[in-house]
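Q: model this:
(chains A and B)
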Amino acid sequence: MSELDAFRHEIRSWLEENCPAEMRRPVTSESDACWGGRNYTFQSEAQRQWMERCAARGFTVPMWPTEYGGAGLSAEQAKVLREEMARINARSPLSSFGIWMLGPALLHFGTHEQKLHYLQPIARGEIRWCQGYSEPGSGSDLVSLQTFGEDRGDHWVVNGQKIWTSYADKADWIFCLVRTDKANKYQGISFLLFDMASEGVTTRPIRLISGASPFCETFFDNVKVPKDQIVGEVNRGWDVAKYLLGHEREMISATGGGERATSLGAELTRQGIELDPVLRAQVALYDVDALAFAAMSEKFSDEARSGRAHPAQPNMMKYAGTELNKRKHELTMMAGGTAALEWESEASGGGARSRGWLRTKANSIEGGTSEIMLNVIAKRILDLPGA
Amino acid sequence: MPLYHTDDQAMLADTVRTFMAEQGGIKSQLRHWRDTECPDGFGHGLWRQFAELGLNGILVPEADGGLGMGHVEAGIVLAEIGRNLTPSPFLTTAVMGATALAAASDELKGRWLPGVLDGNAVLAVAIDEGTKHDPQRIALKAERAGKGFRLSGTKSCVIHGASADCLIVAARTSGDDRDADGMTLLAVPKDVAGVRHDRIRLVDSAMASHVTFDNVELDGSAVIGAVDGGREVLNRIVAAGRVGVSSELVGVASGAFGITTAYLQTRKQFDRLIGEFQALQHRAAHLYSEIEIAHAAAYKAQQLLDAGSPDAELMVSVAKAKASSAANLAVREGVQMHGGVGMTDEFDIGLYMKRERALTEFMGDGNYHAGRVAELSGY
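A: Take a look at the predicted model:
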């Protein structure tokens, strides 16, 4: 038995013993996932157990070093863990912007002290983070952001407004892009970290077309941020942000290579939905694209983990993955007919289908629009002449 | 197993890429054989050069004198064939034919394998009898006669049919046209009496033939696999052909895309390179993503096939459908982005369009395989 096979064996029995039965079901919505944080209330004992057991083994962040709360797994081992979790349908123990976005940035740009200070609480689900990037006047053109941090010696005083801040009202801390030099567009932004409980921070949820409010407007009114709460150098936050966007795009697009690709047609049939011939054909063509994209996700994930992927390839994954997801939800609505129109009924799970369908429309906007992704592919991968 | 090439595979890819670009290029091969109206549509000299590199035995076990590799490696060769539009009997002989011979008697292997391996023989596979791919329907009759069989019926559009030294023929030995059982695979040598080829030149300058079998007498030794039980071997041949042509289509798409993006970087209008226009940039970027995904699908299908996975059949159909649609988009966008010159024979992009159409039809088009995906997924 190879070392990897032995590891698989070990993981399999650990999961068998430690993953509660209720956690062997896919997450049905963002609110069904475990997010952790100071104010988080676990939805079940099983959810708490699963998160804590994983955190104790470093499995909430399998590839992070053990001193920062990870399990120190190699890429191959991490893939085995994902595959074994997928095999029993085990859900992710912890959903977290700290894990997906801030963590990778800190691991890359942070000082040793910062890593020790911030990473463990992320891995254990104790501190929930949100991301302060977009502003009302700075969406796709993010680098034009205006939120300003005035230098006051040992701290900055931050004033301005962020928008589309996911779960700002539930988060404990924020990682935030702040202009620290008005004269320099790209090299005048710093990447600051601060507590959302700081004086001068207010949030206001934004009601979306889906009826939910996962995003907020976030206001900063003379917020004091100590100088040691910066990642990377002063005025070089754009480098951190760009690095992070790569991770965000990966996260939004990739299935990670462990999950089994499922057939939409098979799922609709399981739900007892009869497909008319034209819709069946459309679903079949969708399934072709979805199963092909699953292979692409696996290939991209293998390439990224071994340093073979083009650095701009996450843009392609984000573009293709989000467009595919929107198409899936359009087909789900068509298949559901009038039942899929229900907005509140218990039978419809509180309008899960219609709300889910509307939610997907943001997929190709958040984290860089599809049009921006195509721009990046054209320039950085295809090397087309620049406008 | 990760979805990227091992060092050995990367080396093979390098070798084949250089070889095909130097020896199998559009001008020296496709255009040459087309313009000289070659009755085979490909060059036997190049086929022997394939053999010298060992490519003809890529799927043949080492014990039988081949390289003993898998569909991933065959796909590497086919992608380069596709990229250069190289006319070659590689797919029908070294991929589908070799898959058939793997299930054949020592006698048949002894008769045909040496020629395949040294590039002196060509094989073709005769399955379909109508204008659309439908391997479930085999009507051509093979009746028992003496110690062998008597064949009568027709096969439609057999690629390289008239050039083949041996035809692998799917024949009905019992039951009804659409029965899974009762089908037998037969190796039919070129010189046997009663076989007539009506040669047809296809849109992509490949040569095919409609084959008529008029009371063709065959010895019992011509049978590949079991009498009435040829379906399983046929499925393997068909899977090898489908996944192989998927890689060739990905190569066609990449080739068309390459010359198109090169054109966007050189053609000027309104005092600007047309590649600066966002309307074209976005379409090119979308096309890039489609080709990448098709490549991954073909690669995954080949890995599953090589591993003998039960998921292979589904993924092979996904690969063929996706490769067909990506290549189709590549050639349509290619001609459009070339503008007027894209319509001229002088430019190569139109040749890619013709080849894509032929390969998409070969072994089932995108609709056929989307239908297979639905059936295999239970809806």
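
Q: B:Leu167 belongs to a helix?
A: No - assignment of B:Leu167 by DSSP: H, G, I helix; E, B strand; the rest coil gives strand, placing it outside any helix.

Q: and the residue of chain B positioned farthest from its centre, how far from chain A?
A: Using C-alpha atoms, centre = their mean, the residue of chain B lying farthest from its centre is B:Asp271. It sits 43.4 Å away. Distance, B:Asp271 to chain A, using C-beta to the nearest C-beta, to the nearest Å: 13 Å. Every residue, glycine included, has its C-beta placed from N, CA and C.

Q: tell me the pLDDT of that residue.
A: At B:Asp271, the model reports a pLDDT of 95.

Q: give me the domain ranges for chain B.
A: B:7-122, B:125-229, B:232-376 (automatic domain parsing).

Q: which one of the ones you listed is the most hemmed in?
A: Highest mean neighbour count of the domains of chain B: domain B:232-376, a mean of 22 (counted as mean count of other C-beta atoms under 10 Å in any protein chain shown).

Q: how far does it sit from its chain's centre?
A: For domain B:232-376, the separation from the chain centroid amounts to 14 Å (computed by C-alpha atoms, centre = their mean, to the nearest Å).

Q: same deal with stretch B:78-86?
A: 11 Å.

Q: how about low-confidence regions in chain A?
A: Residue ranges of chain A with pLDDT under 70: A:246, A:248-260, A:387.

Q: what's around A:Asp5, how many residues?
A: Residues lying near A:Asp5 (other C-beta atoms under 10 Å in any protein chain shown) number 10.

Q: so it is in which element?
A: Per DSSP states H and E: A:Asp5 is located in helix A:3-18.

Q: name the helices or strands packed onto the following helix or strand past that helix?
A: Toward the C-terminus, helix A:3-18 is succeeded by helix A:45-57 as the next helix or strand (DSSP H and E). Contacts defined by 3 or more C-beta pairs under 8 Å, 6 or more residues apart in numbering or on different chains; DSSP states H and E place helix A:45-57 against helix A:3-18.

Q: go through the helix it packs on and flag the buried ones.
A: By 16 or more other C-beta atoms under 10 Å in any protein chain shown, the buried positions in helix A:3-18 come out as A:7-8, A:11, A:14-15, A:18.

Q: looking at those residues, which is nearest chain B?
A: Chain B lies nearest to A:Arg8 out of the buried residues of helix A:3-18, by C-beta to the nearest C-beta, at 14.1 Å.

Q: which ones are touching that closest one?
A: Contacts for A:Arg8 (C-beta atoms under 8 Å, 6 or more residues apart in numbering or on different chains) come out as A:80, A:83-84.

Q: distance of it from A:Glu83?
A: Going from A:Arg8 to A:Glu83 by C-beta to C-beta, to the nearest Å gives 8 Å.

Q: the helices in chain B, which residues?
A: Secondary structure of chain B, counting by DSSP state H: helices at B:7-23, B:32-35, B:44-52, B:71-84, B:90, B:98-102, B:106-118, B:231-264, B:278-306, B:312-338, B:349-361, B:366-376.

Q: dump these to CSV, plus mean pLDDT.
A: Listed next are the helices of chain B as CSV, based on pLDDT from 0 to 100:
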stretch, mean pLDDT
helix B:7-23, 97
helix B:32-35, 98
helix B:44-52, 98
helix B:71-84, 98
helix B:90, 98
helix B:98-102, 98
helix B:106-118, 98
helix B:231-264, 98
helix B:278-306, 98
helix B:312-338, 98
helix B:349-361, 98
helix B:366-376, 98
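
Q: A:Gly125 is nearest to which of those?
A: helix B:278-306 (33.7 Å; C-beta to C-beta).

Q: so which elements touch that closest one?
A: With contacts defined as 3+ C-beta pairs under 8 Å, 6+ apart, the packing partners of helix B:278-306 are helix A:277-305, helix A:313-336, helix A:370-376, helix B:71-84, helix B:231-264, helix B:312-338.
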